[in-house]
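S.K.: give me the fold of what follows.
(2 chains)
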Amino acid sequence: MKKITKYVLTDILRNKIIIGYTIFLLLISMSLFNLEDSSSKGLLSLLNIVLIIVPLVSVIFSTIYIYNSAEFIELLVSQPLKRKQLWGSLFTGLAGSLAFSFFIGIGIPVLLFAASATGYIMIAMGLLLTVIFVAIAMFAAVIARDKAKGIGLAIFLWLYFSLLFDGLVLFVLFQFQDYPLEKFMIVASALNPIDLSRIMVLLKMDTSALMGYTGAVFRDFFGTNTGFIIAILILFSWIVALFWWSLRKFIRKDL
Amino acid sequence: MNRLFYIVAGLMMTGMSSFARTIKVGKQQQARTIGQALSIASPGDTIRVESGIYREKNIVIDKPVVLLGIDYPVLDGEHKYEIISVKANNVTIKGFRIENTGVSSLEDIAAVKIYSCRNVTVSENIFKDTFFGIYSQSSANCLFENNKLTASAKTEQASGNGIHCWKSDSLRIIGNTITGHRDGVYFEFVTNSVIWRNDSHNNMRYGLHFMFSNNDAYISNIFRNNGAGVSVMFTHGVKMFNNYFEENWGDAAYGIFLKEISDSYIIGNKFLRNTSGIFMEGASRVRVEKNEFKDNGWAMKIQASSMDNVITNNNFLGNTFDVGTNGTLVMNTFDHNYWDKYEGYDLNRDNIGDVPFRPVSLYSMIVEKNPPAMMLYRSFMTTLLDKSEKILPTLTPENLKDNFPLMKPLHL
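M.R.: Next up, the predicted model:
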């Protein structure tokens, strides 16, 4: 398993797209920190990159990579290897290399320019989002045999988590605005990793705005140490659940 | 002839006051207790109290004397009594450490309570764990200066106000530090008074609570981290100059809460890191000028019930929302402010933007109607909504705009 992981890792890290992605992130974060007059403003602009671009690149790159290595996977499956190991090392390789380039591209500039609690949380959330969207990509790739369909599904899932879900939440909020919805909002935020990580970063960033009643509910729940641990656990369970599901599909899949 | 009479009378008065004695109070002095000294004092005398602890239940001052503490003698109310009751004009109380008044839900027990008097001075005292600190009732022309009031309020019911003024006139409240009370300074039916250079922080409810008090001014005070900020209600002719309103956090906490205010001035203040900087409800003809709003959740929330207010020459910097409102009717003007969210251009370089700025975003309207939507703050979705609304305003009030937005922040 180690050998395959190593192979996948080195293969991806030498990939031109990944190198380009790293440089792109590095350039954006450096220029944002140098352009904005305060580091907190820079962090704010970076937040949009972390919440939108990073998941998008992770999900699309991973899906394409899985489809492109279909022959490699078929070859390895014919060897005396467990499918579980093969799928696991593909996941580790993809997640590891994408997380690595995220860390180089955004993590290091943040550590250099804005080494605050907000900065640390943002790096952690970016890393977790990268891994979650790699898991989503593998799920999409294992479901659809057709490459175009798979990529379409991956992009749709990204669109759902970054845009459609919020629209649905807004719709529900207005349909049920006569009811107390604060508890529901906490549950809803757990159902979308992008929302959850945005809230975790904002709780550290815009304290006064979020201190309204809803803010106070969120703060009471996610702002405490237990809440923080719960949020991290929720994000991890997203990874585990998605990976486990795709693994089950992969083991039974007729290649 | 008349003038000569006044001069002679004046000379006689100064002559008379030189007969005033000084009575000393202490363990080795002629008077052992302040009560004793008061009973032998005649009007105009000075009572010098040496350091020590005095447990005299309730001290009633019923003649015009000067009560002077040397090295902060302690007046202890043993958690039962009102400590000093002033029932004469021209009394001065200076240099005491006044502690542990009683607590009652029926009576307003105060450390120093002034009953319908004039010209009373309370200065340079330290108040510790008092229910009400200084209490002025139907009094006039009093001065409360450089006192330090510290209480440790746990609930609103079991705590009183720091400086509580009711039905008074021409008070001067200067340089006091008030913390841990229910309200820092409380004004009800107080007119023509000034609150200057006080520091009111960490009080349970309001830093300053202000009702039915016309024609007062509060200038250069600091109101920080109070449970609900500052509240000014049912009043006209208030001048609020050069104050700091900082870190008032919470759903119902405001830098200033204005309710039914008219003909007033809010000039040169700083609003920093509040949940809402100014909240206006039913305010009319208020001039908001040369203030700085920085890092607030909402810089201003103006309910549609407010009219004819002028908001001009302010700086809005780093606020989450600049202006929030609850309706589409706008009868206030917002011209000539600096907004850091302004994205327009200035072709003729006169420092005034060529396109109007609309400080109300669609998302702030959504949050106003539906507070849980705060969860979607800074999400892709709301950014898209805001952008489309900026191009084609449909839901945000059409008239709420700054027609002459400044390109550069003012130096405030």
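
S.K.: residues near B:Val190, how many?
M.R.: 28 (other Cβ atoms under 10 Å in any protein chain shown). Quick note: C-beta positions are derived from backbone N, CA and C, even for glycine.

S.K.: separation between it and A:Leu247?
M.R.: Distance from B:Val190 to A:Leu247, counting by Cβ to Cβ, to the nearest Å: 74 Å.

S.K.: mind checking the backbone torsions on the closest residue to B:Asn399 other than its chain neighbours?
M.R.: Nearest non-adjacent residue to B:Asn399, counting by Cβ to Cβ, 6 or more residues apart in numbering or on different chains: B:Val330, 4.5 Å away. Torsion angles at B:Val330 (phi, psi; degrees, to the nearest 10) stand at phi -130, psi 120.

S.K.: got a list of what B:Val330 touches?
M.R.: Residues in contact with B:Val330 (Cβ atoms under 8 Å, 6 or more residues apart in numbering or on different chains) are B:Ala304, B:Pro397, B:Asn399, B:Leu400.

S.K.: do you know how far the spatially closest residue to B:Asp169 that is not a sequence neighbour is from B:Asp216?
M.R.: With Cβ to Cβ, 6+ apart as the criterion, B:Asp169 has its nearest non-adjacent residue at 4.5 Å, and that residue is B:Ala140. Distance, B:Ala140 to B:Asp216, using Cβ to Cβ: 14 Å.

S.K.: and what of B:Met374?
M.R.: The spacing between B:Met374 and B:Asp216, counted by Cβ to Cβ, is 36 Å.

S.K.: can you check B:Tyr363 too?
M.R.: Distance from B:Tyr363 to B:Asp216, by Cβ to Cβ: 38 Å.

S.K.: what about B:Lys154, how many residues nearby?
M.R.: 10.

S.K.: please apply the same query to B:Ala253.
M.R.: By the criterion of other Cβ under 10 Å, B:Ala253 has 25 neighbours.

S.K.: report the contact partners of it.
M.R.: B:Ala253 makes contact with B:Asn226, B:Gly227, B:Ala228, B:Gly229, B:Asn274, B:Thr275, B:Ser276 under the criterion Cβ under 8 Å, 6+ apart.

S.K.: dihedrals phi and psi, it?
M.R.: Main-chain torsions, B:Ala253, degrees, to the nearest 10: phi -110, psi 130.

S.K.: do the same with A:Leu168
M.R.: Per degrees, to the nearest 10, the backbone of A:Leu168 is at phi -60, psi -40.

S.K.: about what we covered before: ok, which of the contacts of B:Ala253 also contact chain A?
M.R.: Applying Cβ under 8 Å from any Cβ of the partner chain, the subset of the contacts of B:Ala253 adjacent to chain A comprises B:Asn274, B:Thr275.

S.K.: can you tell me which of the contacts of B:Ala253 end up in strands?
M.R.: Using DSSP state E, the members of these that fall in strands are B:Gly229, B:Ser276.

S.K.: just the closest of the contacts of B:Ala253 to chain A, please.
M.R.: Nearest to chain A, judged by Cβ to the nearest Cβ, of the contacts of B:Ala253 is B:Thr275 at 4.9 Å.

S.K.: just to revisit the earlier point, reformat the contacts of B:Ala253 as CSV; add distance to B:Gly344, pLDDT and neighbour count.
M.R.: Putting those into CSV (distance: Cβ to Cβ, whole Å; pLDDT from 0 to 100; neighbours: other Cβ atoms under 10 Å in any protein chain shown) gives the following:
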residue, distance to B:Gly344, pLDDT, neighbour count
B:Asn226, 37, 90, 30
B:Gly227, 39, 85, 19
B:Ala228, 36, 86, 20
B:Gly229, 33, 87, 31
B:Asn274, 27, 89, 31
B:Thr275, 29, 87, 28
B:Ser276, 26, 90, 30
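
S.K.: surely B:Lys390 and B:Pro356 touch.
M.R.: No - using Cβ atoms under 8 Å, B:Lys390 is not in contact with B:Pro356, being 11.3 Å away.

S.K.: quick check: A:Leu47 touching A:Ile121?
M.R.: No - A:Leu47 lies out of contact with A:Ile121 (Cβ under 8 Å); the separation is 10.4 Å.

S.K.: could I get the full set of strands for chain A?
M.R.: According to DSSP E, chain A contains no strands.

S.K.: wait, what's in contact with B:Gln303?
M.R.: By Cβ under 8 Å, 6+ apart, the neighbours of B:Gln303 are B:Phe279, B:Met280, B:Glu281, B:Gly282, B:Thr325, B:Asn326, B:Gly327.

S.K.: the last one reaches B:Thr396, doesn't it?
M.R.: What it means is B:Gly327. No - counting by Cβ under 8 Å, B:Gly327 stays clear of B:Thr396, with 11.0 Å between them.

S.K.: out of the two, which sits in the busier spot?
M.R.: Neighbour count, other Cβ under 10 Å: between B:Gly327 and B:Thr396, B:Thr396 has more, with 21 against 12.

S.K.: assumed the more buried one was part of a helix.
M.R.: No - assigned with DSSP: H, G, I helix; E, B strand; the rest coil, B:Thr396 falls outside any helix and is coil.

S.K.: these two touch, right, it and B:Val360?
M.R.: Yes - using Cβ under 8 Å, B:Thr396 is in contact with B:Val360, at 4.8 Å.

S.K.: quick one: B:Ser51 from B:Arg97, how far?
M.R.: Distance from B:Ser51 to B:Arg97, counting by Cβ to Cβ: 9 Å.

S.K.: A:Ala241 too?
M.R.: Distance from A:Ala241 to B:Arg97, by Cβ to Cβ: 65 Å.
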